[in-house]
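# structure, please.
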Amino acid sequence: MANNQANKGVVIDYDAIANQQSFKALVRRKNSFLWSMTVIFLAAYMLLPILTSYTTILHQKAFGEITWVWVYAAGLFIMTWGLCHLYVAKANSYDKEAKAIIAEYENGGGRR
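Residues are numbered from 1 along each chain as shown. Below is the predicted model of the structure:
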């Protein structure tokens, strides 16, 4: 997008874009989503060593000789893939919103 703008000779006022209410709302939603994902990810990963070191909850047999530690660890891989797919889907929607914000700016919506 920046290359297209440079080729057209258009000067972009990034401060004006940053001051648009739509941009501020997008940043708030994006930060909220990213912090939520980070907390979920870290909590799930940090819970494994805590549960295995300080409790015996995950040391019980789940299926045959397989303990719940292995089930939980496998679940972490599944959770990671799931969170990655969720992140990509949300990032695509944020990209669409960012393009709409740029279009709003280009149409005079963000100029002072």
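
# now residue 11, what's its secondary structure?
coil (DSSP: H, G, I helix; E, B strand; the rest coil).

# please apply the same query to residue 62.
strand.

# hang on, it packs against residue 72?
No - using CB atoms under 8 Å as the test, residue 62 is too far from residue 72 to be in contact (9.3 Å). Every residue, glycine included, has its C-beta placed from N, CA and C.

# of the two, which one has the most company?
For residue 62 versus residue 72, the count of surrounding residues by other CB atoms under 10 Å is larger for residue 72: 18 against 13.

# contacting residues for that one?
48, 51, 58 (CB atoms under 8 Å, 6 or more residues apart in numbering).

# at 10 Å instead, please
44, 47-48, 51-52, 57-58, 62, 79 (CB atoms under 10 Å, 6 or more residues apart in numbering).
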